[in-house]
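Visitor: A structural model of the following input is requested.
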Amino acid sequence: MRLTSEQEQIIKSTVDRVLEAESRVWLFGSRVDDELRGGDIDLLIETEAAFPNRAKMLCRIYGALIYALGDRKLDVLLKDARTRDAPIFNIAKRTGVLL
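Guide: Residues are numbered from 1 along each chain as shown. The predicted structure is shown next:
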């Protein structure tokens with residue numbers, strides 16, 4: 001996994017602070033492979049909480065992560081209790097690493 005322990009902790013604590021709900025965060029994509037270089041940080045955030053405006057919450061998480069990690073390329077997926085299951089969520093969990 002190509003995240004430092006500090007970056008991992010920043011991601012988890014930032015997500016917890018913004019969501020104010022229990023969640024699970026997966027890192028997936030190229031950053032999971034230690035042999036690769038570069039690449040964006042692909043995250044799947046899953047929670048049992050239900051948000052009235054999931055897009056707004058996703059933007060809040062994204063902004064907080066950029067602020068906390070610095071200007072990095074991030075892709076963030078958010079699956080709350082109201083989000084329908086989609087293949088990308090299953091792929092992220094199957095190929096990713098739970099932080």
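
Visitor: C-alpha only now, for contacts and for neighbours.
Guide: Will do.

Visitor: Just the buried positions in the one helix or strand Trp26 maps to, please.
Guide: Element membership for Trp26, per DSSP states H and E: strand 23-28. Within strand 23-28, the residues that qualify as buried are 23, 25-28, counting by 16 or more other Cα atoms under 10 Å.

Visitor: Packing partners of that strand?
Guide: helix 5-19, strand 41-47, helix 87-95, strand 97-98 (3 or more Cα pairs under 8 Å, 6 or more residues apart in numbering; DSSP states H and E).

Visitor: What's the separation between the closest residue to Asp75 other than its chain neighbours and Pro52?
Guide: Among residues not flanking Asp75 along the chain, Asp42 sits closest, at 4.7 Å (Cα to Cα, 6 or more residues apart in numbering). To Pro52, Asp42 is 24 Å away according to Cα to Cα, to the nearest Å.

Visitor: Paired strands for the strand holding Trp26, with orientation please.
Guide: strand 41-47 (antiparallel), strand 97-98 (antiparallel) (DSSP bridges).

Visitor: follow-up on the earlier one: which of Asp42 and Pro52 has more neighbours?
Guide: Asp42 (19 against 9; other Cα atoms under 10 Å).

Visitor: so the residue positioned nearest the centre of the chain bridges to which residues?
Guide: Residue closest to the mean C-alpha point of the chain, counted by Cα atoms, centre = their mean, is Leu43 at 2.9 Å. When assigned by DSSP bridges, Leu43 has beta-bridge partners Leu27, Val76.

Visitor: Quick one, which of the helices and strands packed on strand 23-28 gets closest to Arg72.
Guide: Of all these, strand 41-47 sits nearest to Arg72, with 7.8 Å by Cα to Cα.

Visitor: just to revisit the earlier point, please identify the most buried of the strands paired with strand 23-28.
Guide: Burial of the strands paired with strand 23-28 is given as mean neighbour count (mean count of other Cα atoms under 10 Å); strand 41-47 ranks first at a mean of 20.
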